[in-house]
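Visitor: return a 3D structure for these sequence lines:
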Amino acid sequence: MNARVVSINISDRKGVRKKPVEEVELRENFGISGDAHASSEWHRQVSLLAMESIRKMKDMGLDVGPGDFAENITTEGIDLLSLPIGTRLLIGGRVEVEVSQIGKECHSRCSIYYQAGDCVMPKEGIFVRVLRGGKIKIGDPIEIKD
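Guide: Here you go, the predicted structure:
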């Protein structure tokens, strides 16, 4: 299976589930226009989580899907956790991002954690910063740039 964008999710404030949208504009050294987590002040501009990770939570009996873990981009067909920091990805053949962090510390336990007793985002989500902006949409291919 080729790696691709399954869902694009945004929210206007932090700490909430994100809502899916068809396409977004990623801005260089900022993140996704209109998303609460976008900022030139830090390295976690855009978050990615694999659909394969979400399926683990579904298998635990949770009614969850893309955006429920507050990830911006839900992927499929790419092992996000195997990508070292500094790896560059091309999304849709034009937008370039660089892996800046793998996982995160969960300071306040989210509603998913309380439902399931666990949450995949802190362990299996990754963060990227935007090197070259542009528009991306659902179904766009994701490639590891050499």
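Visitor: OK, contacts around the residue most central in space within the chain?
Guide: Here the mean C-alpha position of the chain is nearest to the C-alpha of L48 (C-alpha atoms, centre = their mean), at a distance of 1.8 Å. When contacts are counted by C-beta atoms under 8 Å, 6 or more residues apart in numbering, L48 is found next to 71-75, 80, 125-128. Every C-beta, even on glycine, is put in place using the N, C-alpha and C of the backbone.
Visitor: and those, which of them are in strands?
Guide: Cross-referencing the contacts of L48 against strands under DSSP state E gives 73-75, 126-128.
Visitor: for the protein, name the helix or strand with the lowest mean pLDDT.
Guide: helix 111-116 (a mean of 52; mean pLDDT, DSSP states H and E).
Visitor: so what's the closest residue in space to Q45 that isn't next to it in sequence bridging to?
Guide: Take Q45 and drop its neighbours on the chain: the residue closest to it by C-beta to C-beta, 6 or more residues apart in numbering is G31, 3.5 Å away. Listed beta-bridge partners, G31: R27 (assigned using DSSP bridges).
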